[in-house]
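Asker: have a look; sequence and predicted model below, questions after that.
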Amino acid sequence: MLEKLKVSTHQRCQLIDITKEIQTLIKKHKVKQGIIHIFCPHTTAAVTVNENYDPSVQSDITDTLSKLIPHNAGYAHTEGNADAHIKSAIVGSSRTLFIEDGKLAFGTWQGVYLCEFDGPRTREVWLKIIKEKE
């Protein structure tokens, strides 16, 4: 089953925690055991798994990426979002996670984030759930 999650972003660079929305879809489909593949079909956004307890981690990630890959640095790509393409390529467009006992199998404090690098926009995150036979 393929689900599409819509996410509205409000800043040029931000991380948005989408863990609860993903967990809701797992519950909706009554998946007890399986895997979920999370894919971002945009070239200026990405997905990652990181700490979701302290929100300063999110700003540390976006601030550091922006320092390493500045917005206007004389890139050959002239649309004004070359930095967003580079950040997206580094972070990555997909993650695959385990589903155990009807929940995402995480380490302590982990969550799933949509990483916006060229917002604000409305983005999609595609979720492919593969359910184990019971």
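Answerer: Here it is on my side, so go on.
Asker: in the chain, where is pLDDT below threshold?
Answerer: Residue ranges of the chain with pLDDT under 70: none are present.
Asker: any buried residues in the top helix by length along the chain, and which?
Answerer: Ordering each helix of the chain by length in residues (DSSP state H) puts helix 56-68 first. Of all the residues in helix 56-68, those buried under the rule 16 or more other Cβ atoms under 10 Å are 58, 61, 62, 65. From N, CA and C alone the C-beta is placed, and that goes for glycine too.
Asker: adding distance to residue 25, write these out as TSV.
Answerer: Listed next are the buried residues of helix 56-68 as TSV, based on distance: Cβ to Cβ, whole Å:
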residue	distance to residue 25
58	22
61	25
62	26
65	28
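Asker: between these, which sits nearest residue 11?
Answerer: residue 62 (8.5 Å; Cβ to Cβ).
Asker: contact partners for the nearest residue to the closest one once chain neighbours are set aside?
Answerer: Spatial nearest neighbour of residue 62, excluding adjacent residues (Cβ to Cβ, 6 or more residues apart in numbering): residue 13 at 4.4 Å. Neighbour list for residue 13: 62, 65, 66, 87, 116, 117, 119 [criterion: Cβ atoms under 8 Å, 6 or more residues apart in numbering].
Asker: max pairwise distance over those residues: which two?
Answerer: Across the contacts of residue 13, no pair lies farther apart than 65 and 119, at 13.7 Å, counting by Cβ to Cβ.
Asker: next, count neighbours for residue 118.
Answerer: Neighbour count for residue 118, taken as other Cβ atoms under 10 Å: 23.
Asker: assess the claim that it and residue 12 are in contact.
Answerer: Yes - using Cβ atoms under 8 Å, residue 118 and residue 12 qualify as a contacting pair, with a distance of 6.7 Å.
Asker: phi and psi next, for residue 104.
Answerer: Torsion angles at residue 104 (phi, psi; degrees, to the nearest 10) stand at phi -60, psi 130.
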